[in-house]
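*Asks:* Everything below, folded, please.
(one chain, ligands or ions: 2)
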Amino acid sequence: MSTNLPAYVPPGTMDVLFTKEQIAERVKALGKQISEDYKDQSIVLIGVLKGAAIFLADLARAIEVDNTFDFVAVSSYGRARVSSGAVKLIKDIDNPIEGRHVIIVEDILDTGLTLNYLRDLMLQHKPASLKIATCLDKHERRLVPIQADYVCFKIPDRFVIGYGMDYAERYRGVEDIRIMP
Ligand code: IMP
Ligand code: MG
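*Replies:* Numbering: from 1, shown residues only. Ligands and ions are numbered 1, 2, ... in the order given. Coordinates of the predicted model:
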């Protein structure tokens, strides 16, 4: 593994886009909405590693209906800030989802390539229903037509870190969502 990392920018010097309080409020609201939409049903949350891990952890605790969770991993941007366009599955789901109500949980919906690929892949498993929850939606950057059913925040075309989101694997543990300069 290369240790040739880009220079470290302290997250405290970056502008805050959303505070941890603002994030918590939106995640609670999404959890409430999902609990109403799936009243008396049982759902499977499928988190996209690694970016969605923190959002999923908070969302699962804000959902009041019966739920389980699983994770998939796809090839990421690595250190580049733009997608290569190619998406590859690195880790599949552990448990079958046929006949289940599934919500894919993602950190950012950007070009849409990742979620478009995952949605098609999950549909092959014949779930009873399939929806998408994303913490952030960079709606201006879409290359394929795909929309999320649950969104915490729509954002402009800026590169952000924190709340699970990284730049070169750093900053995932930053509590606020901040703009990478
Ligand atoms: P898409 O396939 O272009 O929609 O890519 C979405 C993925 O790109 C997300 O799951 C993120 O991992 C990554 N990504 C896109 N924009 C950002 C950003 O601003 N910060 C960190 N990761 C990002
Ligand atoms: Mg991601």
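*Asks:* Might you enumerate the residues of this protein proximal to ligand 2?
*Replies:* Contact residues (Cβ under 5 Å from the ion) of the chain with ligand 2: 51, 107. C-beta: built from backbone N, CA, C; applies to glycine.
*Asks:* how close does the nearest residue to residue 126 once chain neighbours are set aside get to ligand 1?
*Replies:* Nearest residue to residue 126 in three dimensions, chain neighbours excluded: residue 98, at 4.9 Å (Cβ to Cβ, 6 or more residues apart in numbering). Counting by Cβ to the nearest ligand atom, to the nearest Å, the gap from residue 98 to ligand 1 is 25 Å.
*Asks:* now do residue 119
*Replies:* 11 Å.
*Asks:* neighbours around that residue, how many?
*Replies:* 16 (other Cβ atoms under 10 Å).
*Asks:* ok, residue 171 touching residue 11?
*Replies:* Yes: with contact defined as Cβ atoms under 8 Å, residue 171 counts as touching residue 11 (5.6 Å).
*Asks:* Just want to know which of the two has more residues nearby.
*Replies:* residue 171 (22 against 18).
*Asks:* dump the residue contacts of the more buried one.
*Replies:* 11, 161-162, 165, 178, 180 (Cβ atoms under 8 Å, 6 or more residues apart in numbering).
*Asks:* Is the residue nearest to it when sequence neighbours are not counted part of a helix or strand, or is it coil?
*Replies:* For residue 171, ignoring the flanking residues on the chain, the nearest one in space by Cβ to Cβ, 6+ apart is residue 161 at 3.8 Å. Three-state assignment for residue 161 (DSSP: H, G, I helix; E, B strand; the rest coil): strand.
*Asks:* how far away is residue 161 from ligand 1?
*Replies:* 6 Å.
*Asks:* what residues are up against the residue positioned nearest the centre of the chain?
*Replies:* The residue lying closest to the centre of the chain (Cα atoms, centre = their mean) is residue 106, at 1.7 Å. Contact analysis of residue 106 by Cβ under 8 Å, 6+ apart lists 48, 51-52, 114-115, 132-135, 148.
*Asks:* let's see 7 Å
*Replies:* For residue 106, the contacting residues are 48, 52, 115, 132, 134, by Cβ atoms under 7 Å, 6 or more residues apart in numbering.
*Asks:* Derive a ChimeraX selection command for the buried subset of the residues you listed.
*Replies:* In ChimeraX syntax, the buried subset of these is picked out as below (16 or more other Cβ atoms under 10 Å):
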select :48,52,115,132,134
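*Asks:* could you dump the contacts of residue 106 to JSON lines with distance to residue 27, secondary structure and pLDDT?
*Replies:* Formatted as JSON lines, those follow (distance: Cβ to Cβ, whole Å; DSSP: H, G, I helix; E, B strand; the rest coil; pLDDT from 0 to 100):
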{"residue": "48", "distance to residue 27": "16", "secondary structure": "strand", "pLDDT": "98"}
{"residue": "52", "distance to residue 27": "12", "secondary structure": "coil", "pLDDT": "98"}
{"residue": "115", "distance to residue 27": "19", "secondary structure": "helix", "pLDDT": "96"}
{"residue": "132", "distance to residue 27": "15", "secondary structure": "strand", "pLDDT": "98"}
{"residue": "134", "distance to residue 27": "12", "secondary structure": "strand", "pLDDT": "98"}
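*Asks:* Thanks a lot, see you next time.
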